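>>> what follows is a predicted structure for the sequence shown.
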Amino acid sequence: MTQQDYSKMFSCPHCGTIGAIFLLKVTGSQILIKQRCPTHGGRKYVVPLMKKDEFMPYIRDAVFRCYKCGQEAIADYVKVKGPWSLIRCSCPTHKNKLPFYKIWNSVYNEISSKELEAQPPTEPQPTESEPTVGEQKEYCPHCGTPLRGIEKFCGACGAELG
């Protein structure tokens, strides 16, 4: 696929507008995306996980958009809950009256690196359970599934762990 094909994939098939991605989940070897065009409503589609790096600019652009009007928005509040990052964006028109977006944690960490530089750090969130001495709490870099640290492959997505 060419870059133009990728941009069409993330645009509304009816009007070409880039809507807000309000749910992004890694499932096996695919990324499930739910996106909403402000004019034509929601749609659901999947993209291959192995092409994730090529899609990142388009995903970043669509996540940081207003759910109601499609304007660029800023992540106003982020809460980590399990494998998810719950994001509340704020747009110039609708302020912070937008719903939470559920974005898979590992993907949000990649797309938010530019956003974090411009924003003040958020309060640290309590973890599920702190690791004991000598034990590390690890997560799959591809899907965010908690690992024990001894696996060679992720049990959820099948990715090879280095």
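Okay, I see it. Numbers count the residues shown, from 1 in each chain.

>>> next, name the residue at the spatial heart of this protein.
residue 103 (3.5 Å; C-alpha atoms, centre = their mean).

>>> show the subsequent helix or strand relative to the worst-scoring helix or strand of the chain on mean pLDDT.
Lowest on mean pLDDT, DSSP states H and E among the helices and strands of the chain sits helix 113-118, with a mean of 48. The first helix or strand that comes after helix 113-118 along the chain, using DSSP states H and E, is strand 138-139.

>>> partners of that next one in the sheet?
Strand pairing for strand 138-139, using DSSP bridges, gives strand 146-147 (antiparallel).

>>> next one: the partner strand to chain centre, how far?
Relative to its parent chain, strand 146-147 has a centroid offset of 19 Å by C-alpha atoms, centre = their mean, to the nearest Å.

>>> wait, residue 24 touches residue 56, no?
No - between residue 24 and residue 56 there is no contact under C-beta atoms under 8 Å: 11.4 Å. Yep, even glycine has a C-beta here, placed from its N, CA and C like the rest.

>>> these two: which has the busier surroundings?
Between residue 24 and residue 56, counted using other C-beta atoms under 10 Å, residue 24 has the larger neighbour count: 23 against 13.

>>> for the closest residue in space to residue 11 that isn't next to it in sequence, what are its contacts?
Leaving aside its chain neighbours, residue 11 sits nearest to residue 18 (5.5 Å; criterion: C-beta to C-beta, 6 or more residues apart in numbering). Counting by C-beta atoms under 8 Å, 6 or more residues apart in numbering, residue 18 touches 10-12, 61-62, 65, 70.

>>> could you do residue 27 as well?
Residues in contact with residue 27 (C-beta under 8 Å, 6+ apart) are 46, 157.

>>> what count of nearby residues applies to residue 12?
Residues near residue 12, counting by other C-beta under 10 Å, number 19.

>>> tell me which helix or strand it sits in.
Counting by DSSP H and E, residue 12 is part of no helix or strand.

>>> residue 103 against residue 24, yeah?
Yes - if you go by C-beta under 8 Å, residue 103 and residue 24 touch, sitting 4.8 Å apart.
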